[in-house]
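Visitor: Quick check, what structure comes out for this input:
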Amino acid sequence: MTQVSQAMTRGVRSIAPHDTLVAAAQAMDELDIGALPVCDGDRLVGMLTDRDIVIRAVAQACAIEQTKVADVMTEDTVCCFEDQSVDEVQSQMADAQIRRVPVVDRDKHLVGMLSLGDLAVKSSEGEAGKTLGAISEPASPDRSGQSQASAGAGGGSSSQQQASSGGEGGSSTTH
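Guide: Numbers count the residues shown, from 1 in each chain. The predicted structure follows:
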């Protein structure tokens, strides 16, 4: 049975709760990643994803230059311990529908990250695929309907109406 410490990525960059979203986004861009652990010193206090920035800050018209990481991060972060079994953590990831999990020691100090990519490369054959399948199951509730904000964003019935009416505005007929 493989332990997390044998599969995880070490030397992970983190961001502080008092840093701005601009600094976090720049770090994500520089590292080509979509999530950063948030640490107070070396103690894990949350996670920040590119999705958190978009949904909790940009979509709410927050001034990202002044908005702090602590204002939009996820505080109740699913994490695992470096001495846990990979099988147990894969099950946690599937249940929580997450693709990466911070790895901490027993004092909650960040020591690494475990991602689906790590599992695909370093764990038993097929297990990463099973985990990905469970993670990719549609979440509840079904949010496939359009919101007001998505009307001009393309896709759905709005695009069909614009195409059939010859552009923006005016009435449309369905074909």
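Visitor: C-alpha from now on. contacts and neighbour counts both.
Guide: Noted.
Visitor: distance between the ends of stretch 102-118?
Guide: Stretch 102-118 has an end-to-end distance of 12 Å (criterion: C-alpha to C-alpha, to the nearest Å).
Visitor: Pull the residues that contact that stretch.
Guide: With C-alpha atoms under 8 Å, 6 or more residues apart in numbering as the test, stretch 102-118 has contacts from 4, 7-12, 37, 39, 42-44, 78-82, 99-101, 128, 131-132.
Visitor: Distance check, V111 against V104.
Guide: Going from V111 to V104 by C-alpha to C-alpha gives 5 Å.
Visitor: who's in contact with A16?
Guide: V38, C39, D40, G41, V69.
Visitor: pLDDT score for the last one?
Guide: It refers to V69. V69 carries a pLDDT value of 98.
Visitor: From Q3, how far out is it?
Guide: 31 Å.
Visitor: more crowded one of those two?
Guide: A direct count of neighbours by other C-alpha atoms under 10 Å for V69 and Q3 places V69 higher, at 26 against 17.
Visitor: residues in contact with that one?
Guide: V69 makes contacts with A16, P17, H18, D19, T20, L21, A24, L48, as judged by C-alpha under 8 Å, 6+ apart.
Visitor: Please flag which of the residues you listed sit within helices.
Guide: L21, A24 (DSSP state H).
Visitor: where are the low-confidence patches of the protein?
Guide: Along the chain, segments meeting pLDDT under 70 span 1, 123-175.
Visitor: which residues in the chain form helices?
Guide: Ranges of helices in the chain, per DSSP H, are 4-7, 21-31, 50-53, 69-72, 86-96, 116-122, 127-135, 156-165.
Visitor: Just give the number of residues close to R56.
Guide: Using other C-alpha under 10 Å, R56 has 15 neighbouring residues.
Visitor: wait, what's in contact with the nearest residue to it once chain neighbours are set aside?
Guide: Closest residue to R56 apart from its sequence neighbours, by C-alpha to C-alpha, 6 or more residues apart in numbering: V72 at 5.8 Å. Taking C-alpha under 8 Å, 6+ apart as the criterion, V72 is in contact with L48, D52, I53, R56, A57.
Visitor: if we go to 7 Å?
Guide: For V72, the contacting residues are D52, I53, R56, A57, by C-alpha atoms under 7 Å, 6 or more residues apart in numbering.
Visitor: Understood, closing this out.
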